[in-house]
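1. for reference, the sequence and a predicted model appear below.
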Amino acid sequence: MSGIDKIIQQIEASTAAACDSIVAAAQKKANAVIASAEKEAEQIIADGKEKTALHVADIKKRGDSAAELEEKRVMLSAKQRIISEMLQKGLGEAKNLPGEAYFALIEKMVAKYSQPEDGVILFGKKDLSRLPNGFIGRLSQAARGGVTLSDETAPIEAGFILRYGGIEQNCSFDAIFAGEAENLCDKAGRLLF
């Protein structure tokens, strides 16, 4: 072999070794980049799973909260409807009490709502036509002041109106139930629920 062939062979061997070294270094770098990318991808997937789990839990929590709130709203509405129906039934029953019981209730109401001065009492047409004998005298004794019967009729279905000078106090059953509605609802709610 000639000197040139030896030099070429030596260059080729040196070049091959350098190429192998470059390829090995590149492969090592590529393997490190791939390993880093795989590790980063695993972290991204894990973070994504965690974020998804948190998001799902948050959605479930909000859904449960909304369902609970809706259940409470429906229950409250049902309770209010039941109480309202009971109050309307009670009002109807009070308006339709038999004569003696009805007028005994009127007497108690006069004692409760009358002022400590003389006044005039007005009844609706129906009640005025069925007043028991001596009833106005009993009312006058029950009242904190005296009461006299008015010739006028009141535009009410049941109950009475007390008039003191120019001031009228509406003691119709409808007005009393309306005025006491919140208190009656609270009491009915405590009894029922």
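-> Perfect, thanks for sending it.
2. sketch out the low-pLDDT regions of the protein for me.
-> 1, 184-185, 187-193 (pLDDT under 70).
3. pick out the residue closest to the middle of it.
-> Geometric centre of the chain, nearest residue: residue 73, 4.5 Å, by C-alpha atoms, centre = their mean.
4. packing partners of the helix or strand that one falls within?
-> Take DSSP states H and E as the rule and residue 73 turns out to sit in helix 3-95. If you count contacts as 3 or more C-beta pairs under 8 Å, 6 or more residues apart in numbering; DSSP states H and E, helix 3-95 packs onto helix 173-179, helix 181-192. For the C-beta atoms, the positions are set from N, CA and C on the backbone; glycine is no exception.
5. chain center to it: distance?
-> Centroid separation for helix 3-95 versus its chain: 36 Å, with C-alpha atoms, centre = their mean, to the nearest Å.
6. what about the nearest residue to residue 99 once chain neighbours are set aside, how many residues nearby?
-> Once flanking residues are discounted, residue 99 sits nearest to residue 130: 6.6 Å by C-beta to C-beta, 6 or more residues apart in numbering. Neighbour count for residue 130, taken as other C-beta atoms under 10 Å: 11.
7. residue 130 and residue 84: what is the separation?
-> Distance, residue 130 to residue 84, by C-beta to C-beta, to the nearest Å: 30 Å.
8. repeat for residue 7
-> For residue 7, the distance to residue 84 - C-beta to C-beta - is 112 Å.
9. which one's more surrounded, these two?
-> Neighbour count, other C-beta under 10 Å: between residue 7 and residue 84, residue 84 has more, with 13 against 10.
10. okay, now the domains of the chain?
-> 1-96, 98-192 (automatic domain parsing).
11. before we move on, the earlier item: ok, the residue nearest to residue 99 to residue 72 distance?
-> 47 Å.
12. what's around residue 127, how many residues?
-> By other C-beta under 10 Å, neighbour count at residue 127 equals 20.
13. and the next helix or strand past the host helix or strand of it?
-> Assigned by DSSP H and E, residue 127 belongs to helix 125-129. Moving toward the C-terminus from helix 125-129, the first helix or strand encountered (DSSP H and E) is helix 135-142.
14. how distant is that following helix from the center of its chain?
-> Distance, centroid of helix 135-142 to centroid of chain: 47 Å (C-alpha atoms, centre = their mean).
15. one more: stretch 115-133?
-> With C-alpha atoms, centre = their mean, you get 43 Å for stretch 115-133.
16. give me the contacts around it.
-> For stretch 115-133, the external contacting residues (C-beta atoms under 8 Å, 6 or more residues apart in numbering) are 99-100, 103, 106, 110, 136, 139, 143-150, 152-164, 169, 172.
17. hmm, try it at 7 Å
-> The contact list for stretch 115-133 (C-beta atoms under 7 Å, 6 or more residues apart in numbering) reads 99, 103, 139, 144-150, 152-154, 156-158, 160-164.
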